[in-house]
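# okay, sequence plus prediction incoming.
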Amino acid sequence: MALRAGMCRWPIGDQHDFKRFRFCGCACSLETNYCETHKKLASAPNRPKSIPVAGNSLMSTIKTA
Ligand SMILES: [Zn+2]
């Protein structure tokens, strides 16, 4: 499913399982990337983790080395 402007890009499903992973795709305003429901979730402190940034710990390791 291709995301376009005005479509909610809230990730649904397992980001490592491409067969099941998809985006919400609900209509949303162009200024925001999420629909009303997910906009609230996105601003909540317990929002789902995005794709982990691999290398962060590695970077700090290199800096301290
Ligand atoms: Zn949504």
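Nice, thanks for sending it over.
# what count of nearby residues applies to L30?
Per other Cβ atoms under 10 Å, the neighbour tally for L30 reads 8. The way it works is simple: take the backbone N, C-alpha and C, and place the C-beta from them, glycine included.
# kindly report the same for R9.
If we define neighbours as other Cβ under 10 Å, then R9 has 17 of them.
# kindly provide the distance from it to H16.
According to Cβ to Cβ, to the nearest Å, R9 stands 18 Å off from H16.
# now do C24
18 Å.
# and these two? which has more neighbours close in?
Of the pair C24 and H16, C24 is the one with more neighbours under other Cβ under 10 Å, namely 19 against 8.
# and that one, what is it in contact with?
The contact partners of C24, taken as Cβ atoms under 8 Å, 6 or more residues apart in numbering, are 7-12, 34-35, 38.
# could you turn the buried ones of the residues you listed into a PyMOL selection?
Restricted to buried positions by 16 or more other Cβ atoms under 10 Å, the PyMOL selection for these reads:
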select buried, resi 7+8+9+10+34+35+38
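# restrict the contacts of C24 to those near the ion?
Restricting the contacts of C24 to those touching the ion (Cβ under 5 Å from the ion) yields 8, 10, 35, 38.
# quick one: which of the residues you listed sit in helices?
Counting by DSSP state H, the part of these found in helices is H38.
# and the ones next to the ion among the contacts of C24, which two are furthest apart?
W10 and C35 (7.2 Å; Cβ to Cβ).
# any idea how far E31 is from the spatially closest residue to N33 that is not a sequence neighbour?
Closest residue in space to N33, ignoring its immediate chain neighbours: R9 at 5.0 Å, by Cβ to Cβ, 6 or more residues apart in numbering. Distance of R9 to E31, given as Cβ to Cβ: 13 Å.
# kindly report the same for C8.
13 Å.
# for P45, same thing?
22 Å.
# any stretches of this structure with poor pLDDT?
Applying pLDDT under 70 to the chain flags residues 1, 46-65.
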